[in-house]
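Q: What follows is a predicted protein model with its sequence.
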Amino acid sequence: MYVKAVLAASAAFLVAALPGAAASRYDDGPCRTGRQAWTNDACAGKLWGLARIAAPQAWRITRGGGVRVAVVDTGTDFRHPDLRRRLVAVRGSDLTRNTAYRCPWERRGGKRARVLALDDNGHGTHVTGIVAARAGNGIGVAGVAPNARVLPVKVLDKKGSGTDATVARGVCFAVAHKARVINLSLGEDPLQQLLVEGSGRKTAQAIDHAFKKGVAVVVAGGNSSFPLCGFRSVREQAVCVGAVERNDLKAPYSNFGD
C-alpha cells in the first residue's frame, strides 16, 4: 500500500512541476543542481515535489521493487538513459495502431499490429520518468518508485490526442499484462494539450474492470478536460489526484473534488 500511495502522490507532482519547466516543453537537456543528501542525480535539486511527498523517507521501506506500473499515455522513449532496465516491452502495446485489441466485453475487430508503445510526443516519457527514473545514477532525475518497472501503453498520438475508447482499451491491456498500478495523467496539460475525445464512460467501465481485478488506478484530476473523476464509480474505485504548488497551496490550474 505504501508504494501505491507514493505513486498516487507522483501524479500530483507531475502537474505541479510542469509550470516551472524550461521554455521548451518537457526539456530533456543536461541539468545540474546542488548536491542533495538523498540522491546524486544531477537534477535532484529541482525535485521539490519528491521531497514534499517524503519519497526519500519512503525509500527506506521500499523503492517499488517487484511492482509493475502501467503508464497509459503517449508511449515512452525506450532508449532514454534514465529509464534503461525500468521498462517492460510488450509487442502490441501501441493501441493507436493495434486496433484489434479489445476489452473482454467488446466485439473483436480492427487491425493487429505487434508494435511497441514508442513515444512521439514526450508526455508519456515525462510521466514514466516521474514514476520510475533510476535513482542514484548521477544523471537526470529520480523517480518516485525508482525500482518499479513501467509498462508503457500508447493510447494518444503524436499530437497528444486520443479517444475515450482507446484509453479504455489501454486500461484493459494494462490489466491483462499484469500491471498492479495504472497511471492515467490525461486531460488538458498546462504546457502541452492532451485532448481525449469522448465522455469518459468507456474508460470508467475499464477502471471498474481494473478495480475488480485488484489493480490500483491513479487518475490525474485534470485541468477541466476529460472529467473521469466526475464519475462516482471512478471516485470510489480510483485515486483522483489534484495538484499543489511548493507551499502546499492548491495549484490554480488543477481540478479538485468537493
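A: On my side now, so go ahead.

Q: chain center to stretch 175-188: distance?
A: Going by Cα atoms, centre = their mean, to the nearest Å, the spacing between the C-alpha centre of stretch 175-188 and its chain's C-alpha centre is 7 Å.

Q: Would you mind putting the CA coordinates of it into PDB?
A: Extracted in PDB, the C-alpha atoms of stretch 175-188 (Å, rounded to 0.1, in the frame of the first residue of the first chain):
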ATOM      1  CA  VAL A 175      -4.700  -5.200 -16.600                       C
ATOM      2  CA  ALA A 176      -4.200  -8.200 -19.000                       C
ATOM      3  CA  HIS A 177      -0.400  -7.700 -18.800                       C
ATOM      4  CA  LYS A 178      -0.100  -7.900 -15.000                       C
ATOM      5  CA  ALA A 179       0.100  -4.200 -14.100                       C
ATOM      6  CA  ARG A 180      -0.500  -3.700 -10.300                       C
ATOM      7  CA  VAL A 181      -0.800   0.100 -10.700                       C
ATOM      8  CA  ILE A 182      -2.200   2.100 -13.700                       C
ATOM      9  CA  ASN A 183      -1.400   5.800 -14.100                       C
ATOM     10  CA  LEU A 184      -3.700   8.000 -16.200                       C
ATOM     11  CA  SER A 185      -2.300  11.500 -16.500                       C
ATOM     12  CA  LEU A 186      -4.800  12.500 -19.100                       C
ATOM     13  CA  GLY A 187      -6.700  15.700 -19.700                       C
ATOM     14  CA  GLU A 188      -5.600  19.200 -20.500                       C
END
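
Q: doesn't residue 172 fall inside a strand?
A: No. Read with DSSP: H, G, I helix; E, B strand; the rest coil, residue 172 is helix and lies in no strand.

Q: and the gap between it and residue 205?
A: Remark: distance between residue 172 and residue 205 (Cβ to Cβ, to the nearest Å) = 9 Å. For the C-beta atoms, the positions are set from N, CA and C on the backbone; glycine is no exception.

Q: Show the residue spans covered by the strands in the protein.
A: Assigned by DSSP state E, the chain shows strands spanning 68-73, 149-154, 161-163, 181-184, 195-197, 216-220, 239-241.

Q: Pairing partners for the first one, with directions?
A: Right, strand 68-73. Taking DSSP bridges as the criterion, strand 68-73 pairs within the sheet with strand 149-154 (parallel), strand 181-184 (parallel).

Q: So what touches the last one?
A: It refers to strand 181-184. Contact with strand 181-184 is made by 3-4, 7, 10-11, 67-73, 127, 131, 167, 171, 174-175, 203, 210, 215-220, 228, as judged by Cβ atoms under 8 Å, 6 or more residues apart in numbering.
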